[in-house]
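Undergrad: Please find the sequence and the predicted model below.
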Amino acid sequence: MRSIAIPLALTVSAATADAVVAPIRAAPGADTHAAAAPQGYTTSRTGSAHDFDYFAGGWTTKQRRLKTRGVGSSEWDEFPATLCARVYLDGKSTVDEIWFPTKGWSGLTLRTFDTARRQWSIYWVSSERGVLEPPVLGGFEGAHGEFYGEDRDGGRPVKVRFIWNKLDADHARWEQAFSYDGRGWETNWTADFTRADPSTVCEAGRPKR
């Protein structure tokens, strides 16, 4: 969940606040772990076509977002959200919608799996702008997934990192971090997910309003 310039998330994101600006990034699949790249940054991580099958269904979430990014703030805004996800193309594509009832807006995450590169691209679009933003790239190793890309936050170029952890059958955690200086990461958005009954939280594959 990326919303830049005032966030899962996915999308998340990636990065995610109440508005999104157009990012600049390297070509998909290109490894930009070179000059001014923070620890771990790479766009060459791979995964499998069924990495996101786990997320199909309904989820309730606790969202935490830094009130101000890139200034060393430790003040967080906490709010709920509901997410409903579907899997398509035998696991090679997923779509989920997340609804932030106390914020009055929603977001949609599209994930596609490149079978030649064995790599996921995660795209985000918010209801505020309705624009499909360029992706972060990566994949899972076991229950841990990492995805990287480039963007701008309030006009400042940033490296972007998504981390997904499948904690158990019914719980997951997502984190978004930016690097402004090419050296360290600042985590600015987290989401803790608990699996829910889709008949309770979803309607026609979308979060109930």
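TA: Good, I have the coordinates.
Undergrad: Quick check, Ala172 in contact with Phe193.
TA: Yes. Between Ala172 and Phe193 there is a contact under C-beta atoms under 8 Å: 4.3 Å. Heads up, the C-betas are built off the backbone N, CA and C, glycines and all.
Undergrad: Pull up the overlap in contacts between these two.
TA: Trp59 (C-beta atoms under 8 Å, 6 or more residues apart in numbering).
Undergrad: Looking only at neighbour counts, state which of those two leads.
TA: Shown here are Ala172 and Phe193; by other C-beta atoms under 10 Å, Phe193 has more neighbours (24 against 21).
Undergrad: secondary structure element for the more buried one?
TA: strand 186-196 (DSSP states H and E).
Undergrad: For that strand, the averaged confidence score.
TA: Mean pLDDT, strand 186-196: 98.
Undergrad: list the helices and strands it packs on?
TA: Judged by 3 or more C-beta pairs under 8 Å, 6 or more residues apart in numbering; DSSP states H and E, strand 186-196 is in contact with strand 57-66, strand 76-88, strand 171-179.
Undergrad: Which parts of the protein are strands?
TA: Per DSSP state E, the chain carries strands over the ranges 57-66, 76-88, 93-100, 105-114, 119-126, 136-141, 144-153, 156-168, 171-179, 186-196, 202-203, 206-207.
Undergrad: Just checking: what are the partner strands of the fourth one?
TA: Strand 105-114 has the following sheet partners, assigned by DSSP bridges: strand 93-100 (antiparallel), strand 119-126 (antiparallel).
Undergrad: try the second one
TA: Strand 76-88 has these partner strands in its sheet, going by DSSP bridges: strand 57-66 (antiparallel), strand 93-100 (antiparallel).
Undergrad: How far away from the center of its chain is the last one?
TA: What it means is strand 93-100. Taking C-alpha atoms, centre = their mean, to the nearest Å, the mean C-alpha location of strand 93-100 is offset from the chain mean by 10 Å.
Undergrad: Return the set of buried residues in the strand holding Phe193.
TA: By neighbour count on 16 or more other C-beta atoms under 10 Å, the buried set for strand 186-196 is Glu186, Asn188, Trp189, Thr190, Ala191, Asp192, Phe193, Arg195, Ala196.
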